[in-house]
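K.L.:
build me a structure from this.
(one chain, ligands or ions: 1)
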Amino acid sequence: MRIKPILSKINTNFWKVGILSLTVLTFLISWQQSDKSIINIKQMEENVFLQKWTGPYGGIPAFDKMNIEDLESAVIAGMELNLAEIEAIANNTEEPTFENTIVAMEKSGKVLDRVFAYYGILRSNMSTPESRKIQAGLAPKLSEYSSKISQNEKLFQRVKVVYSNSLKTPLEADQQRVVELTYKGFEMQGAELDEAKKNRYAEINKELSTLYTKFSNHVLHDEENYVTYLTKDQLSGLSDSFVKSAAKIAEDKDHKGYYAVTNTRSSMAPFLTYSNERELRMQVWTNYYARGDNGDEFDNNNIIAEILKLRRERVELLGYKNYAEWRLQDRMAKTPENAMKLMNAVWPAAIARVQEEVADMQNVANANKDNLTIEPWDYRYYAEKVRKKKYDLNSEEVKQYLQLDKLREAMFYVAGRLFNFSFKPVQKGTVPVFQEDVKVWEVTDKDTGELIGLWYLDPYARTGKRSGAWATTYRSHTTFDGNKTVLASNNSNFVKPAPGEPVLVSWDDASTFFHEFGHALHFFSSKVRYPTLNGGVRDYTEFQSQLLERWLPTDEVINTYLVHYKTGKPMPKSLVAKIKKAATFNQGFATTEYLASALMDMKLHLADPTNINIDAFEKETLKELNMPKELVMRHRTPQFGHVFSGEGYATAYYGYMWADVLTADAAEAFQEAPGGFYDKELSDKLVKYLFSPRNSVDPAEAYRKFRGRDAKIEALMRDRGFPVKE
Ligand SMILES: [Zn+2]
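P.N.:
Residues are numbered from 1 along each chain as shown. Next up is the predicted model:
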């Protein structure tokens with residue numbers, strides 16, 4: 001279906017490691033005795049980031065007490081504590097066992113986990129020049145820390161013994177999987193390397209982490225520093241709500257009386273869709289797609305080349321041909337060939353559809369006597385005109401039925417029907433928040449009343465907040481060390497309304513809201529025992545969230561929640577029919593802009609990086625692909641944060657489509673079920689096999705349990721309205 005503009009949960013890439021069953025206090029004492037130590041009890045008491053979470057709901061973060069000056073020392077202290085825990089496990093003189101090695105590792109790192117919950121907020125929700133500076137300083141230290149663990153020889157030898165023993169005498173299924181994932185993780189991180197190679201490996205990671213931070217700071221710089229200010233006579237075509245918010249943003253930026261189009265997707269996309277000012281469309285488009293590519297000190301091209309070289313060198317140390325081969329071995333796709341096969345199967349249909357879309361748009365332009373040839377900055381604009389003409393679908397009309405508050409209630413309803421969850425707002429003041437707009441709900445089981453956790457929602461855009469939408473956890477469910485409740489959050493960038501006014505959102509944004517909530521439900525439904533099993537498999541973990549989008553256009557949701565913000569009447573059947581009919585509209589654009597990025601990601605990592613020129617590589621690759629000239633990659637290489645601001649989505653951007661095959665196929669299962677999207681038997685299976693196990697079961701196996709077979713690409717082709725070869 002749609003491709004998301006989001007980075008989902010940030011993959012911190014820090015090796016999660018465990019502790020011995022010594023208490024923190026023991027460490028504190030031992031650290032106090034060491035001269036080198038920077039940790040002491042006083043610091044622990046005064047530094048909020050290090051403190052144990054207290055209060056209701058199994059303990060909650062003190063988001064209202066964060067002091068950024070304490071951040072750096074807290075992260076450093078957290079790392080040192082964790083390293084001490086790891087040392088204790090590694091130096092244990094008893095025979096390695098599952099308990100004294102694997103479980104001990106699973107238990108470790110709690111203090112650092114807590115610090116990271118805060119750190120994530122200060123990085124993604126409340127970033128400032130100060131926090132970015134701290135982040136830049138910490139990046140190499142964190143990398144060094146994670147290398148110290150992943151390259152701890154004694155620790156690895158113990159893991160290896162437990163792993164070998166488990167092959168002879170298997171453990172319980174979930175324990176066995178923890179052992180395998182742990183062992184494999186070490187192996188992939190270079191644990192089998194000799195001393196010299198290990199050192200180089202760690203050096204490379206350190207260099208990479210610095211480059212990742214530079215990369216994202218450059219993109220952020222270009223997002224913040226290229227603002228297009230409009231005068232009153234340049235607003236033609238734009239909606240009232242856009243104009244209002246543009247005026248507010250301009251005022252905040254000391255340009256009172258002007259209207260600001262910022263250099264972010266949430267500002268760029270509506271402007272390009274509606275503005276009648278072609279010159280300005282070109283300017284806004286150019287600013288946006290030139291992020292990180294302006295040939296100045298914030299240019300990312302050389303950084304990318306450097307990243308690719310270092311990544312290749314690192315996997316070559318491990319004996320792999322290229323980064324993609326190394327990366328995909330524990331993914332659902334398993335090999336770059338499998339991922340390429342899927343992308344290549346869909347690409348020709350996508351670009352063929354673009355030609356049809358462009359022809360439709362050119363006809364509209366000609367009929368209007370606009371006297372132009374469709375250029376990339378015209379695509380969204382004329383697509384909207386074609387949409388109106390062909391589908392008579394007016395996005396502004398649709399918006400009137402999509403109120404943010406009602407959408408949230410709709411999501412709660414769906415969660416109740418499928419997951420048996422109940423959401424209740426917590427009383428103001430009982431749970432600390434980091435910003436006044438953040439609201440919190442208590443999540444319980446509808447029948448038993450059992451507490452599942454808390455859901456935090458940070459809905460509005462503001463300076464210093466990352467663009468897009470994402471979901472994350474502050475604490476995940478586990479049972480091996482006492483039952484832990486989940487603290488999960490959803491974060492969006494809706495434009496904050498004037499007091500008393502509803503937030504009206506687009507159909508796409510409503511779908512994204514459901515999407516991110518799908519991630520949250522995936523967190524809340526976890527039934528795993530050990531932390532490692534909560535981990536996501538990159539090309540699988542978008543599936544659950546993408547699938548949840550399919551409940552937005554169900555009758556139950558439409559009739560009760562998609563109601564007009566003034567009249568309260570549900571969205572008319574005719575409008576719903578139009579939306580459904582229009583679902584495959586513009587799929588040429590959506591699939592092509594996404595796939596071009598996904599193919600680029602893979603090809604960049606399969607290519608020889610020795611003398612790579614990123615700019616030239618991008619041009620040549622697009623030429624070879626016959627990329628239609630009327631559109632551009634969704635994320636051009638110099639701004640492709642999924643791939644270069646860390647390793648979360650490197651050679652993994654294909655994963656959205658991989659997950660989309662599963663999504664389309666699973667959605668067909670619901671369409672065919674007697675009870676449709678609320679079929680009891682099927683939704684029980686959904687929760688049992690596809691949500692609750694998280695990574696405690698191999699994803700391919702889990703899917704087969706749900707569907708009785710593997711997913712089929714044909715379902716995706718049908719879903720996008722592409723021809724299916726029978
Ligand atoms: Zn997602």
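
K.L.:
now tell me which helix or strand of this protein has the poorest mean pLDDT.
P.N.:
Within the chain, no helix or strand scores below helix 24-33, which has a mean of 33 by mean pLDDT, DSSP states H and E.

K.L.:
in the stretch 451-600 of the chain, what residue is nearest the ion?
P.N.:
residue 545 (4.3 Å; C-beta to the ion). (C-beta placed from N, C-alpha, C; glycine too.)

K.L.:
OK, contacts around that residue?
P.N.:
8, 471, 515-519, 522 (C-beta atoms under 8 Å, 6 or more residues apart in numbering).

K.L.:
could I get these as JSON lines with secondary structure, pLDDT and distance to residue 116?
P.N.:
Converted to JSON lines, those look like this (DSSP: H, G, I helix; E, B strand; the rest coil; pLDDT from 0 to 100; distance: C-beta to C-beta, whole Å):
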{"residue": "8", "secondary structure": "coil", "pLDDT": "30", "distance to residue 116": "16"}
{"residue": "471", "secondary structure": "strand", "pLDDT": "96", "distance to residue 116": "15"}
{"residue": "515", "secondary structure": "helix", "pLDDT": "96", "distance to residue 116": "24"}
{"residue": "516", "secondary structure": "helix", "pLDDT": "97", "distance to residue 116": "20"}
{"residue": "517", "secondary structure": "helix", "pLDDT": "98", "distance to residue 116": "22"}
{"residue": "518", "secondary structure": "helix", "pLDDT": "98", "distance to residue 116": "23"}
{"residue": "519", "secondary structure": "helix", "pLDDT": "97", "distance to residue 116": "17"}
{"residue": "522", "secondary structure": "helix", "pLDDT": "98", "distance to residue 116": "19"}
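
K.L.:
in TSV: those, plus distance to residue 180 and neighbour count.
P.N.:
Formatted as TSV, the contacts of residue 545 follow (distance: C-beta to C-beta, whole Å; neighbours: other C-beta atoms under 10 Å):
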residue	distance to residue 180	neighbour count
8	25	24
471	27	23
515	30	25
516	30	28
517	31	28
518	27	27
519	25	27
522	22	25
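
K.L.:
show me the two of those residues that sit farthest apart.
P.N.:
8 and 517 (12.0 Å; C-beta to C-beta).

K.L.:
anything in contact with each of these two?
P.N.:
471, 545.

K.L.:
give me the pLDDT value at residue 36.
P.N.:
Listed pLDDT for residue 36 reads 40.

K.L.:
can you check residue 106 too?
P.N.:
98.

K.L.:
what about it, distance to residue 593?
P.N.:
41 Å (C-beta to C-beta, to the nearest Å).

K.L.:
does the residue of the stretch 301-450 of the chain found nearest the ion count as helix, strand or coil?
P.N.:
For the stretch 301-450 of the chain and the ion, the shortest gap (C-beta to the ion) falls at residue 411, measuring 14.6 Å. Secondary structure for residue 411, judged by DSSP: H, G, I helix; E, B strand; the rest coil, is helix.

K.L.:
that one: neighbour count?
P.N.:
26 (other C-beta atoms under 10 Å).

K.L.:
so who does the residue nearest to it when sequence neighbours are not counted touch?
P.N.:
Closest residue in space to residue 411, ignoring its immediate chain neighbours: residue 517 at 4.7 Å, by C-beta to C-beta, 6 or more residues apart in numbering. Going by C-beta under 8 Å, 6+ apart, residue 517 touches 411, 415, 471, 490, 545, 548.

K.L.:
where does the fifth one sit, in terms of helix or strand?
P.N.:
Mapping residue 545 onto the secondary structure by DSSP states H and E places it in helix 541-548.

K.L.:
and that helix, how far from the chain's centre?
P.N.:
Remark: helix 541-548 is offset 11 Å from the chain centroid, using C-alpha atoms, centre = their mean, to the nearest Å.

K.L.:
what's the answer for stretch 171-189, then?
P.N.:
On C-alpha atoms, centre = their mean, the centre of stretch 171-189 falls 24 Å from that of its chain.

K.L.:
list the buried residues in it.
P.N.:
By 16 or more other C-beta atoms under 10 Å, the buried positions in stretch 171-189 come out as 171, 174-183, 185-189.

K.L.:
show me the contact partners of it.
P.N.:
Taking C-beta under 8 Å, 6+ apart as the rule, stretch 171-189 contacts 15, 98, 102, 105-106, 147, 150-151, 156, 159-160, 162-163, 166, 170, 318, 326, 329-330, 528-530, 532-533, 535, 695-697.

K.L.:
need the buried ones from those residues selected in PyMOL.
P.N.:
Those of those that count as buried under 16+ other C-beta under 10 Å are selected in PyMOL with:
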select buried, resi 15+98+102+105+106+147+150+151+156+159+160+162+163+166+318+326+330+528+529+530+532+533+535+695+696+697
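
K.L.:
just the ones of the contacts of stretch 171-189 in helices?
P.N.:
Members of those lying in helices (criterion: DSSP state H): 105-106, 147, 150, 156, 159-160, 162-163, 166, 326.

K.L.:
for the ion, see how far away residue 688 is.
P.N.:
Separation of residue 688 from the ion (C-beta to the ion, to the nearest Å) stands at 22 Å.

K.L.:
next: residue 272.
P.N.:
24 Å.

K.L.:
from what I can see that residue touches residue 381, true?
P.N.:
Yes - between residue 272 and residue 381 there is a contact under C-beta atoms under 8 Å: 6.2 Å.

K.L.:
now this protein, which segments are flagged as low pLDDT?
P.N.:
Residue ranges of the chain with pLDDT under 70: 1-43, 726.

K.L.:
and the helices in the stretch 601-726 of the chain?
P.N.:
For the stretch 601-726 of the chain, applying DSSP state H, counting those that start in this stretch gives helices covering 614-624, 641-644, 655-672, 680-685, 699-707, 713-719.

K.L.:
which residues sit in contact with residue 484?
P.N.:
Residue 484 touches 58, 475-478, counting by C-beta under 8 Å, 6+ apart.

K.L.:
can you narrow the residues you listed down to the ones near the ion?
P.N.:
Among these, no residue lies close to the ion (C-beta under 5 Å from the ion).

K.L.:
which ones among those residues lie within helices?
P.N.:
Among the contacts of residue 484, no member falls in helices (DSSP H).
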